[in-house]
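Q: Coordinates for the following, if possible.
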Amino acid sequence: MAAFIYSPVDFVFTCVGLPLFLLDIGLDVWAAVNFYQEEAFLSLAVLVLLLLGSSVLVQVYSWLWYSYENFEMETEVERCMSVNGVKLLHVLQLGIYLRHAGVLEVSVKNCKSRDGNPEDVAVFLSHDLSMLRIIETFSESAPQLVLMITIYLQEGRLDLVTVLKALGSISAVAFCVTTYHRSLRSFLPDKTKQQVGSSVVYFLWNLLLLLPRLVAMALFASVLPCFIFTHFLCSWLLLFFCAWRCQTEFMDSPGGEWVYRATVALIWYFDWFNVVEGKTRTRTLLYHTYILVDISILCAVWFWKMNTDPPHFVFPPLYATIIAVAVVTLYILGLLVKLMYYKFFHPSIPRDELRGESTETLRLGDQIDGPERLMMRSLPAHDVTEHSQRERSNKRMRKLAENFYS
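A: Numbering: from 1, shown residues only. Prediction:
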């Protein structure tokens, strides 16, 4: 059965998370002001659209999850708010700060007290927060990176500092995906806990897959800026259809499930994301084949435009060839590193073990006397486990962990 342990490393991530979140907002405002001062109103409009769209999407998820839990607040800072107050915060796009503050509160309590309960609450809340960060990353940070790299290309600003800034931003996206992976790992039984090396390899293959994907889109957008929106819409519709066909069961309401499927399609536009149970080898192979072909087409169109109808910024044919080939090669290299991860670092755990069933359920039943024991014995094993762990196990993240590890 998964052992939920809130380590000092998790506490550091939590303490640093809120300031970094505020810093990110400051950088977004700074970028918007720069666009306005430079009279780049189209870029400003795209940036504002990304920021507002991402914020609304994250607030919707946060509100739905509060409603699914019947607004049972776990922390003092949350209990200070009424249901209407929580709703107002989400309308004002401030609901995510309430979650950050709640996680920070229980994290500090966990460091002062080792009675177990603050630790369980910290893990529960941090799991929801990690999922919200993933949604924000692929609805704001990733497309914003494409926008910035496109501008660098169009303006010919490809000096070392600019390249390093872009690499650092892409690394931050890959790091966010890795922290999400760390949350999934907390559902593994102790004996199969993954070491730091697995997270390093996980970060590396996500970086190697995200980098060429984002660069390929930026290359295409730098020569055909209007058509990148058509490319996104067509790709998103196809991926949304695939998400619908997967029959996902993540949210607790039909409307929320459709929002989730639309979000999955958005994430798939940039990176792979496990959403259904069972073996996903065929689906993963089809997805990466599609993305590899798409990247190749985007780079080919950019190379063709550079040689037939170059814009005011021109790459020599030799450099254009090297860039196009390097982008495709990097994606293939990322696939090889991903195969290495699944070969040597990825444990395959039975779903029952991830859920904490079988012997653990029987042991729990033996410790309960009277009518409650009869009630527990009459429930299915899965329901018994949920009954015993509803305070300590985040069912949404547990479902994602079952999809990833089983």
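
Q: Looks to me like residue 274 is in a helix.
A: No - using DSSP: H, G, I helix; E, B strand; the rest coil, the secondary structure at residue 274 is coil, not a helix.

Q: State the number of residues packed around it.
A: Look at residue 274: counted by other C-beta atoms under 10 Å, it has 17 neighbours. Placement of C-beta: from N, CA and C, glycine included.

Q: Check whether it really touches residue 403, as I assumed.
A: Yes - at 4.4 Å, residue 274 and residue 403 qualify as touching, with contact defined as C-beta atoms under 8 Å.

Q: okay, and the common contacts of the two?
A: Residues touching both residue 274 and residue 403 (C-beta atoms under 8 Å, 6 or more residues apart in numbering) are residue 280.

Q: in the helix or strand containing residue 403, what's buried?
A: According to DSSP states H and E, residue 403 maps onto helix 395-405. Neighbour-count burial for helix 395-405, counted by 16 or more other C-beta atoms under 10 Å, picks out 396, 397, 398, 399, 400, 401, 402, 403, 404, 405.

Q: Please name the nearest non-neighbouring residue to residue 76.
A: The shortest distance from residue 76 to any non-neighbouring residue, by C-beta to C-beta, 6 or more residues apart in numbering, is to residue 105 (6.3 Å).

Q: Give me the most central residue, the protein.
A: Ranked by distance to the mean C-alpha position of the chain (C-alpha atoms, centre = their mean), the top residue is residue 134 at 2.3 Å.

Q: how near is that one to residue 264?
A: Noted for residue 134: a distance of 11 Å to residue 264, by C-beta to C-beta, to the nearest Å.

Q: before we move on, back to that, output the buried residues of helix 395-405 in a markdown table; the columns should cover pLDDT and distance to residue 174.
A: A markdown table is the format used below for these (pLDDT from 0 to 100; distance: C-beta to C-beta, whole Å):
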| residue | pLDDT | distance to residue 174 |
| --- | --- | --- |
| 396 | 77 | 23 |
| 397 | 73 | 20 |
| 398 | 75 | 24 |
| 399 | 75 | 24 |
| 400 | 76 | 18 |
| 401 | 71 | 20 |
| 402 | 73 | 24 |
| 403 | 71 | 20 |
| 404 | 70 | 17 |
| 405 | 67 | 20 |
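
Q: Return the closest of the residues you listed with respect to residue 204.
A: residue 404 (17.6 Å; C-beta to C-beta).

Q: Would you check how far apart the closest residue to the closest one other than its chain neighbours and residue 340 are?
A: Nearest residue to residue 404, sequence neighbours excluded (C-beta to C-beta, 6+ apart): residue 274, at 4.8 Å. Remark: distance between residue 274 and residue 340 (C-beta to C-beta) = 18 Å.

Q: what's the answer for residue 128, then?
A: 31 Å.

Q: Looking at these two, which one has more neighbours?
A: Comparing residue 128 with residue 340 by other C-beta under 10 Å, the one with more neighbours is residue 128, at 21 against 14.

Q: So the more buried one sits against residue 396, correct?
A: Yes - taking contacts as C-beta under 8 Å, residue 128 lies within contact range of residue 396: 7.0 Å.

Q: between those two, what contacts are shared?
A: Shared contacts of residue 128 and residue 396, counting by C-beta under 8 Å, 6+ apart, come down to residue 65.

Q: so where is the stretch 201-350 of the chain shaky, pLDDT-wise?
A: Scanning the stretch 201-350 of the chain with the threshold set as pLDDT under 70 gives 278-279, 312, 346-350.

Q: Show me the helices in it, by range?
A: Under the criterion DSSP state H, counting those that start in this stretch, the stretch 201-350 of the chain contains helices at 227-245, 254-268, 281-308, 317-344.

Q: Show me what the second one is in contact with.
A: Outside helix 254-268, the residues that touch it by C-beta under 8 Å, 6+ apart are 57, 60-61, 64, 134-135, 138-139, 236-237, 239-240, 242-244, 248-251, 273, 275, 287.

Q: now the angle from that helix to helix 281-308?
A: Using axes from the mean of the first three to the mean of the last three C-alpha atoms, to 10 degrees, the direction of helix 254-268 lies 50 degrees away from that of helix 281-308.

Q: Now do the buried residues in helix 254-268.
A: Going by neighbour count (16+ other C-beta under 10 Å), the buried part of helix 254-268 is 256, 257, 259, 260, 261, 263, 264, 265, 266, 267, 268.

Q: And the fourth one, how close does it get to residue 34?
A: Right, residue 260. Distance, residue 260 to residue 34, by C-beta to C-beta: 35 Å.

Q: Give me the distance between residue 301 and residue 324.
A: Using C-beta to C-beta, residue 301 is found at 10 Å from residue 324.

Q: Of these two, give the one with the bigger neighbour count.
A: residue 324 (23 against 18).

Q: pretty sure the more buried one is in contact with residue 303, am I right?
A: Yes - between residue 324 and residue 303 there is a contact under C-beta under 8 Å: 4.7 Å.

Q: Mutual contacts of these two, please.
A: Residues touching both residue 324 and residue 303 by C-beta under 8 Å, 6+ apart: none at all.

Q: Tell me how many other residues surround residue 67.
A: Neighbourhood size, residue 67 [other C-beta under 10 Å]: 15.

Q: if we can go back for a sec, let me have the buried residues of helix 395-405 in JSON lines, extended by distance to residue 328.
A: Formatted as JSON lines, the buried residues of helix 395-405 follow (distance: C-beta to C-beta, whole Å):
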{"residue": "396", "distance to residue 328": "36"}
{"residue": "397", "distance to residue 328": "34"}
{"residue": "398", "distance to residue 328": "37"}
{"residue": "399", "distance to residue 328": "35"}
{"residue": "400", "distance to residue 328": "30"}
{"residue": "401", "distance to residue 328": "33"}
{"residue": "402", "distance to residue 328": "34"}
{"residue": "403", "distance to residue 328": "29"}
{"residue": "404", "distance to residue 328": "27"}
{"residue": "405", "distance to residue 328": "31"}
